[in-house]
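> Structure of the sequence below:
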Amino acid sequence: MNKEELFSSLRAQGFSGPILDAFTQVPRENFVLPAFKDLTYEDTALPLAAGATISQPSTIAFMLQLLDLRKGQKILEIGSGSGYVLALLEEIAHGKIYGLEISRELAEKSRELLKDKRNVHILHKNGMKGLLSHAPYDRILVSAAFKEVPYYLKRQLKRGGILVVPVNHSIIKLRKHIIGVEEIEYNGFSFVSLMNAPIEE
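The predicted model follows:
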């Protein structure tokens, strides 16, 4: 599959205009390992360093659609990997965006790739507990799988905020209301597990 074929496939799946525009504006080839450049625009996940992956484009687009992004939002991504999704988030929302990445190698590489994106802040940090210091957030996206919905992240959402998180083989969308939360589950996905380990030194 080449770039145009991938974009045609995403359009056929009905993703929103801002999401499609972001995919055309952010060059995915900059975020994949050299050994996988030929597969850049295949609709498949690709390996990164430190056991991480860059998710398949259609899955990323689906999660971005669930986030219901708006201009100027404050967004947290947990497990930001190569920085590809951070770049897409910035392209769509133009807000303040934070990425947490446990691998020093990936955090440093993604900072370099996104050094011109002044609203994107990448922290070399274990993301299991989110980033309370900059909460609350309009949107939180988790790009690796938890074993169960991390409800403590709900406390880091603004009222009306949305959390999108893989749990086992599902994607969960959680919206915070004045009282309680609304939760929707979408089955049939596969993600690497979010690493819960000390920060690499």
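> what bits of the chain have low per-residue confidence?
195-201 (pLDDT under 70).
> Mind jotting down where the helices sit in it?
Ranges of helices within the chain are 3-12, 17-25, 57-67, 84-93, 104-113, based on DSSP state H.
> Based on its surroundings, how many neighbours for residue 141?
Residue 141 has 27 neighbouring residues, counting by other Cβ atoms under 10 Å. To be clear about C-beta, it is placed using only N, CA and C from the backbone, and glycine gets the same treatment.
> For it, give me its contacts.
Neighbouring residues of residue 141 by Cβ atoms under 8 Å, 6 or more residues apart in numbering: 63, 64, 67, 75, 76, 77, 78, 85, 89, 163, 164, 165.
> List the buried residues for the longest strand anywhere in the chain?
Scanning the chain for the strand with the most residues, using DSSP state E, yields strand 157-167. Buried positions in strand 157-167, judged by neighbour count with 16 or more other Cβ atoms under 10 Å: 157, 161, 162, 163, 164, 165, 166, 167.
> and if you look at stretch 68-79?
Residues of stretch 68-79 classed as buried by neighbour count (16+ other Cβ under 10 Å): 69, 73, 74, 75, 76, 77, 78, 79.
> would you turn these into CSV with distance to residue 129?
Listed next are the buried residues of stretch 68-79 as CSV, based on distance: Cβ to Cβ, whole Å:
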residue, distance to residue 129
69, 24
73, 21
74, 18
75, 17
76, 11
77, 15
78, 9
79, 13
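> before we move on, back to that, got the contact list for the longest strand of the chain?
In contact with strand 157-167 (Cβ under 8 Å, 6+ apart) are residues 63, 66-68, 135-150, 153-154, 171-178, 185, 189, 191.
> 7 Å instead?
With Cβ atoms under 7 Å, 6 or more residues apart in numbering as the test, strand 157-167 has contacts from 63, 66-68, 136-142, 144-146, 148-150, 153-154, 171-176, 178, 189, 191.
> Distance from the chain centre to that strand, please.
12 Å (Cα atoms, centre = their mean, to the nearest Å).
> Just want the angle from it to helix 57-67.
150 degrees (axes from the mean of the first three to the mean of the last three Cα atoms, to 10 degrees).
> I'd like to know how many residues surround residue 50.
Residue 50: 15 neighbours (other Cβ under 10 Å).
> That one and residue 108, how far apart?
Distance, residue 50 to residue 108, using Cβ to Cβ, to the nearest Å: 12 Å.
> do the same with residue 40
22 Å.
> With residue 167 instead?
Distance from residue 167 to residue 108, by Cβ to Cβ: 29 Å.
> Check residue 194 too.
20 Å.
> May I see the helices of the chain organised as TSV, with mean neighbour count and distance to residue 122 added?
Listed next are those as TSV, based on neighbours: other Cβ atoms under 10 Å; distance: least, Cβ to Cβ, whole Å:
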stretch	mean neighbour count	distance to residue 122
helix 3-12	14	26
helix 17-25	16	18
helix 57-67	21	17
helix 84-93	24	7
helix 104-113	18	5
